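Participant: What shape does this take:
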Amino acid sequence: MRDAGSAGGSLPGKRYWLLLVKISISIVLGIYLFTKVDISGMFGRMREVPALSIALAFLMILLQSAMSALRWFGVVRAIGKFLRLADAMRITFVSLFFNQFLPASVGADLVRMWQSKRAGLSLATAVSSVMLERLGNLFCVVAMSSFTMFAWSREMDRPLMRQGFVVVGIASIAMLALLLSLD
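Facilitator: Predicted coordinates for the structure are as follows:
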């Protein structure tokens, strides 16, 4: 039988090693990135962009990410489970970080599922809530794309291209309606 002192002594050791691994991975990824990027050229191009544009782009990314977390939080609540809003925000931003390094968005979704399971959701709830949130994201993209296609179709000089935009827009809305009608 272990005494309380020996059991408690191993936990800080595990935390220390986990932190060391996280820091090491961050350092390795940072070094890798800095060897692949022309830093002076990057800063030269950045000086050409107005600071207000950079700030607005950054704010838009933060807003989009927060909206994604809120949408996911709503999905979890809608299926009758509980996830704190702070956890939804944290997990969403962590997954966005991994989205920059892992292929496609599948890696980010896997990180989000794993982190949400660690936050207390069952694996089934973690997977289904992330997939449902992705479907909500698809809905938003299709809606915005369809609106843009109809708006741009008026600007097209070629009738065939204009009609193609309208057909793609109508097909996108019809496919979305079909997806939404599924149980």
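
Participant: low-scoring stretches of this protein, by residue?
Facilitator: Applying pLDDT under 70 to the chain picks out residues 1-11, 103-105, 153-154, 182-183.

Participant: Can you tell me the centre-most residue of the chain?
Facilitator: Taking Cα atoms, centre = their mean, the centroid of the chain lies closest to L96, which sits 4.5 Å from it.

Participant: My read is that that one contacts D109, right?
Facilitator: No: in this structure, L96 is not within contact of D109 by Cβ atoms under 8 Å, at 11.0 Å. Where you see a C-beta, it was placed from the backbone N, CA and C, and this is true even at glycine.

Participant: and the lengthiest helix in the chain, how far from the chain's centre?
Facilitator: The longest helix of the chain (DSSP state H) is helix 4-36. Its chain's C-alpha centre and that of helix 4-36 lie 24 Å apart, by Cα atoms, centre = their mean, to the nearest Å.

Participant: Equivalent analysis for stretch 23-39, please.
Facilitator: With Cα atoms, centre = their mean, you get 22 Å for stretch 23-39.

Participant: Need the CA coordinates for it. PDB is fine.
Facilitator: Output for stretch 23-39, consisting of C-alpha atoms alone and laid out as PDB, is shown next (Å, rounded to 0.1, in the frame of the first residue of the first chain):
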ATOM      1  CA  ILE A  23       8.100  23.300 -24.100                       C
ATOM      2  CA  SER A  24      10.500  21.100 -26.100                       C
ATOM      3  CA  ILE A  25       7.900  20.600 -28.800                       C
ATOM      4  CA  SER A  26       7.200  24.300 -29.000                       C
ATOM      5  CA  ILE A  27      11.000  25.100 -29.300                       C
ATOM      6  CA  VAL A  28      11.500  22.500 -32.000                       C
ATOM      7  CA  LEU A  29       8.500  23.800 -34.000                       C
ATOM      8  CA  GLY A  30       9.700  27.400 -33.500                       C
ATOM      9  CA  ILE A  31      13.200  26.500 -34.700                       C
ATOM     10  CA  TYR A  32      11.700  24.600 -37.700                       C
ATOM     11  CA  LEU A  33       9.600  27.600 -38.700                       C
ATOM     12  CA  PHE A  34      12.400  30.100 -38.400                       C
ATOM     13  CA  THR A  35      14.600  28.000 -40.600                       C
ATOM     14  CA  LYS A  36      11.900  27.900 -43.300                       C
ATOM     15  CA  VAL A  37      10.900  31.600 -43.200                       C
ATOM     16  CA  ASP A  38      12.800  34.500 -44.600                       C
ATOM     17  CA  ILE A  39      12.500  36.700 -41.500                       C
END
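
Participant: Alright, calling it a day.
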